[in-house]
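A.B. asks: sequence first, then the predicted structure:
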Amino acid sequence: MIRRTLSVLIAAVALAAAAGPATAEEMSADRLPGHRVLDVMTFNIHHAQGTDGVLDLRRVANVIRKSGADVVGLQEVDNHYSSRSNWADQPAELAELLGYHVVFGANIDNSPSAPGGHRVQYGTAILSRYPITASDNTWLYKSPGQEQRGLLHATLDVHGKKVEFYNTHLAAGSQTDRLRQTAQVVDLIGTTKPGILVGDFNAPPAAPESQPLQKAYTDAWAKSLHARGDGATYPAESPTERIDLIYTTRKVTPLVTQVLNGDPTASDHRPLLSKVLVRP
């Protein structure tokens, strides 16, 4: 009886989610005590260089702002990396533009180009409208000649409830690396705590390297109560590949998931957004 009641309420929250974030949040608080509704996003921003060749970090910030996302996992983020992004601290600038908390995971971390300068870094970032109480970045398996990748983790305080949020960008050029990396990610995250994993996995859900994730977690787009479109995010101009994904643990239910099409020139990937219900 309790399970049936919860299922009915989850369905009700999903319908409210389609109406707007405030309605869904109010329903979860009023009818599902201890639950939280979050809008989560994954977005490969291509160091803010769009498909039109223009470098525009404000355009990326506008995509996030218009989405209403509460927490965002970003991939291909520069931090004083090179002239291609004007040597900018992109995580800090995006956080300032949006008024969000931020953590950055440097997977390429080189010495300053000049004495006293900033370290030359490239990796992933997590932006959150909720406080980030802890964070860490774990480097993943890398074979010789491949680019270093990592798993960035942030603990969020969502109205007094801890939610674990993870962001990754798996190897682009080696299936062997991705096979090792996905198994490592599952070992690092586990399955017991309320958690959300997002990222650019550089492989579709049916690929062999995706199976550890598919078995351990819920593929938000595939299992949402309401999914819009076909889930493809790449290439941005005419997406055919579903490689940008959101996964949830058993204590997180995806409600509504969709690819955002508002500004397809902002990056070479389109962002994926999912409204999820975090259960006690």
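C.D. replies: Great, that's in hand. Numbering: from 1, shown residues only.

A.B. asks: what is the neighbour count of Ser238?
C.D. replies: For Ser238, the tally of surrounding residues (other C-beta atoms under 10 Å) stands at 8. The C-beta positions use only the backbone N, C-alpha and C, and glycine is treated the same way.

A.B. asks: helix/strand/coil for it?
C.D. replies: For Ser238, the secondary-structure state derived from DSSP: H, G, I helix; E, B strand; the rest coil is coil.

A.B. asks: ok, it - contacts?
C.D. replies: Contacts for Ser238 (C-beta atoms under 8 Å, 6 or more residues apart in numbering) come out as none.

A.B. asks: buried residues in the host helix or strand of Trp221?
C.D. replies: Counting by DSSP states H and E, the element that carries Trp221 is helix 220-223. For helix 220-223, the buried set under the neighbour-count rule, 16 or more other C-beta atoms under 10 Å, comprises 220-221.

A.B. asks: average pLDDT for that helix, rounded please.
C.D. replies: Averaged across helix 220-223, the pLDDT comes to 97.

A.B. asks: same question, stretch 100-120
C.D. replies: Mean per-residue pLDDT for stretch 100-120: 94.

A.B. asks: and it, which residues are buried?
C.D. replies: In terms of neighbour count (16+ other C-beta under 10 Å), stretch 100-120 has its buried residues at 100-108, 120.

A.B. asks: can you list which of these are found in strands?
C.D. replies: Per DSSP state E, strands hold the following members of the buried residues of stretch 100-120: 101-108, 120.

A.B. asks: CSV please, covering these and showing distance to Val163.
C.D. replies: Listed next are these as CSV, based on distance: C-beta to C-beta, whole Å:
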residue, distance to Val163
His101, 13
Val102, 16
Val103, 14
Phe104, 19
Gly105, 18
Ala106, 24
Asn107, 23
Ile108, 28
Val120, 32
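
A.B. asks: surely Leu170 and Leu197 touch.
C.D. replies: No: counting by C-beta atoms under 8 Å, Leu170 does not reach Leu197; the two are 11.4 Å apart.

A.B. asks: what's in contact with the helix or strand Thr253 falls within?
C.D. replies: Under the assignment given by DSSP H and E, the secondary-structure element containing Thr253 is strand 252-259. Contact with strand 252-259 is made by 10, 13-14, 17-18, 24, 37, 194-196, 218, 220-221, 223-229, 231-233, 239, 246, 248, 270-279, as judged by C-beta under 8 Å, 6+ apart.

A.B. asks: make a PyMOL selection of the buried ones in those residues.
C.D. replies: Command for PyMOL, covering only those of the contacts of strand 252-259 found buried under the criterion 16+ other C-beta under 10 Å:
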select buried, resi 10+13+14+17+24+37+194+195+196+218+220+221+224+225+227+231+232+233+239+246+248+270+271+272+273+274+275+276+277+278+279
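
A.B. asks: all strands for the stretch 101-250 of the chain, in order.
C.D. replies: Using DSSP state E, counting those that start in this stretch, the strands found in the stretch 101-250 of the chain span residues 101-110, 120-128, 132-139, 150-158, 161-169, 195-200, 218-219, 226-228, 244-248.

A.B. asks: please enumerate residues in contact with the first one?
C.D. replies: Contact partners of strand 101-110, identified using C-beta under 8 Å, 6+ apart, comprise 77, 79, 81, 91-92, 94-95, 119-132, 135, 137, 139, 147-152, 154, 167, 169.

A.B. asks: one more time with 7 Å
C.D. replies: Counting contacts by C-beta atoms under 7 Å, 6 or more residues apart in numbering, the residues outside strand 101-110 that touch it are 77, 79, 91-92, 94-95, 119-128, 131-132, 135, 137, 139, 148-150, 152, 154.
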